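Q: coords below, sequence missing:
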């Protein structure tokens, strides 16, 4: 976790800090940092003691692209959403929600193997992400890999119980319909 009294002085520290900040969806730290980036502190340079200005700008640009992707996803404009999520990751590689949404759209567009490959890669990078594990549960279940799907779900249940709520997944995480249906199939199989 980032100690907010000590500035990150190099790129390695910054990468470790941001990976831990954004490893779980909508964590309180994520919301705090988002508020800081959005001038929650009335324009004070509080966040400057944690993140360099260049990183702040990149993060803000990436969030804009991520939100554009969410809007396009909500309108089922999958290719446009994918483009925005990829651009967000290009700007700020540790923006985990944008990274996870990319394979979700692969799955939506019937590129299941590509989705699984990317999810497994992300899981190695962010092993405590309930978002990745919940999505991987649904994808694996839909491709007949039931045992592995169940083991990922056990981890999800221990990390974040919001993923039991399909409405939350659809309205707050903006998952595409096919992955939501796959997770619903998993829920209904128990």
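A: Arrived safely, thanks for sending. Everything numeric here is computed off the predicted structure, so don't read it as measured data.
Q: what about the helices in this structure?
A: 11-21, 28-37, 53-74, 78-91, 96-108, 112-125, 130-142, 146-159, 166-172, 177-189 (DSSP state H).
Q: in this protein, which residue is closest to the centre?
A: Geometric centre of the chain, nearest residue: residue 97, 2.0 Å, by Cα atoms, centre = their mean.
Q: For that residue, give its distance to residue 171.
A: 14 Å (Cβ to Cβ, to the nearest Å). All C-beta spots, glycine's among them, are computed from the backbone N, C-alpha and C.
Q: now swap in residue 122 and tell me
A: Taken as Cβ to Cβ, the span from residue 122 to residue 171 is 23 Å.
Q: who has more neighbours, these two?
A: residue 122 (21 against 11; other Cβ atoms under 10 Å).
Q: gap between that one and residue 160?
A: Using Cβ to Cβ, which is the criterion applied here, residue 122 is 16 Å from residue 160.
Q: again with residue 146
A: According to Cβ to Cβ, residue 146 stands 22 Å off from residue 160.
Q: These two: who's more crowded?
A: residue 160 (19 against 12).
Q: so what pLDDT did that one get?
A: Here, the pLDDT recorded for residue 160 equals 93.
Q: Next, count neighbours for the closest residue to residue 93 other than its chain neighbours.
A: Spatial nearest neighbour of residue 93, excluding adjacent residues (Cβ to Cβ, 6 or more residues apart in numbering): residue 99 at 7.7 Å. Neighbours of residue 99 under the rule other Cβ under 10 Å: 26.
Q: Contacts only, for residue 99.
A: 85, 89, 93, 122 (Cβ atoms under 8 Å, 6 or more residues apart in numbering).
Q: so which of these is the most crowded?
A: Neighbour counts for the contacts of residue 99 (other Cβ under 10 Å) peak at residue 85, which has 28 neighbours.
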